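> Next comes the sequence, and after it the predicted model I'd like to discuss.
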Amino acid sequence: MQVIPVPCLSDNYAYLVVQGRSAAVVDPSQADPVLRAIDEHRVRLTEIWLTHHHWDHVGGIEALVEECPIEHVRGSRYDADHTRIPRQTEAFSEGDTFDFEGSNVEVLEIPGHTLGAIAFVTEGNLFSGDTLFIAGCGRVFEGTMEMMSQSLSKLRSLPPETKLWCGHEYTVNNLRFARTVEPDNAAIDEALREAIATREAKAFTVPGELGRELETNPFLRFDAPSVAAGRDPVASFTAIRQAKDAF
Ligand SMILES: [Zn+2]
């Protein structure tokens, strides 16, 4: 399995998940960059996977379904019930699995950013949408802070070698914020230096690695003693999320 980031809009990522000559695309906000990528890599696009319904994740679906031999448009049960993902053909709940060209893909419900948010996990790859970013997390639009902190706790229990493919290139800004939460955390300084160099080289900071996130991401560290500073976990998470909203 190969994962190919496809930059879309100003800072979104869609991803091609390639098995042999077949590909799925995760969160195609636009069709054109995805069509160029499938041409370049000479693959046949047969599936679309959606982490949530926001326009900057689903905007390319209609055109891709028209242009490509799409057999499956996979999203959450919640988003299907609210008919807010165009052309959705299959609906998934917590722990559901499906087969993609011989690979098992597991779906995790991770509400908070939206109530229908899901992650896809396959062969050590985590597609987290706008819930978990490298060194950050998404804004809490539809859920509660407690719900979001529980969703992030679920993701941090995946194996530390898991590769993190997230919905946006926010890494440098996220690490600048992380440094304000933990000024004495040397792992954050090192990650920030690397991320700045990566972006200066016009490269992508994805994939992240979950083990490193456990050391640097304040939204996975909200209940660590050095971050919580005596607050209960949800209060700590809420304070960090609100500080990031204003950063
Ligand atoms: Zn979103």
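Arrived safely.
> What residues of stretch 159-174 count as buried?
Applying a neighbour-count criterion of 16 or more other C-beta atoms under 10 Å, the buried positions in stretch 159-174 are 162, 164-174. In this view, the C-beta of every residue, glycine as well, is placed from N, C-alpha and C.
> Can you identify the element that follows the helix or strand hosting M147 toward the C-terminus?
Assignment of secondary structure by DSSP states H and E places M147 within helix 145-156. Using DSSP H and E, the helix or strand that follows helix 145-156 in sequence is strand 163-166.
> Could I have the CA atoms of the helix or strand just after that following strand written out in PDB?
Note on strand 163-166: by DSSP H and E, the next helix or strand toward the C-terminus is helix 171-181. C-alpha atoms of helix 171-181 as PDB (Å, rounded to 0.1, in the frame of the first residue of the first chain):
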ATOM      1  CA  THR A 171       2.200  21.800  11.300                       C
ATOM      2  CA  VAL A 172       4.400  24.900  11.700                       C
ATOM      3  CA  ASN A 173       1.700  27.000  13.300                       C
ATOM      4  CA  ASN A 174       0.600  24.200  15.500                       C
ATOM      5  CA  LEU A 175       4.100  23.600  16.800                       C
ATOM      6  CA  ARG A 176       4.500  27.400  17.500                       C
ATOM      7  CA  PHE A 177       1.400  27.100  19.600                       C
ATOM      8  CA  ALA A 178       2.600  23.900  21.300                       C
ATOM      9  CA  ARG A 179       5.700  25.700  22.400                       C
ATOM     10  CA  THR A 180       3.500  28.200  24.300                       C
ATOM     11  CA  VAL A 181       1.800  25.300  26.100                       C
END
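> Now do helix 171-181, average pLDDT.
Within the predicted structure, the mean pLDDT of helix 171-181 is 98.
> how far is it from where the chain is centred?
Between the centre of helix 171-181 and the centre of its host chain there is 18 Å, according to C-alpha atoms, centre = their mean, to the nearest Å.
> packing partners for it?
In this structure, helix 171-181 makes packing contacts with strand 136-137, helix 186-200, helix 233-245, judged by 3 or more C-beta pairs under 8 Å, 6 or more residues apart in numbering; DSSP states H and E.
> Let me know the angle separating that helix from helix 186-200.
The directions of helix 171-181 and helix 186-200 differ by 160 degrees, with axes from the mean of the first three to the mean of the last three C-alpha atoms, to 10 degrees as the criterion.
> got the contact list for helix 171-181?
Contacts of helix 171-181 with the rest of the structure, by C-beta atoms under 8 Å, 6 or more residues apart in numbering, involve 133-136, 185, 188-189, 191-192, 195-196, 198-199, 205, 208, 216-218, 221, 227, 240, 243-244, 247.
> try stretch 188-198
134-135, 171-172, 175-176, 178-179, 182, 204-205, 212, 216.
> if we go to 7 Å?
Taking C-beta atoms under 7 Å, 6 or more residues apart in numbering as the criterion, the residues outside stretch 188-198 that touch it are 135, 171-172, 175-176, 178-179, 182, 205, 212, 216.
> again with stretch 82-91
Against stretch 82-91 from outside (C-beta under 7 Å, 6+ apart): 50, 53, 58, 61-62, 65, 72-77, 79-80, 116.
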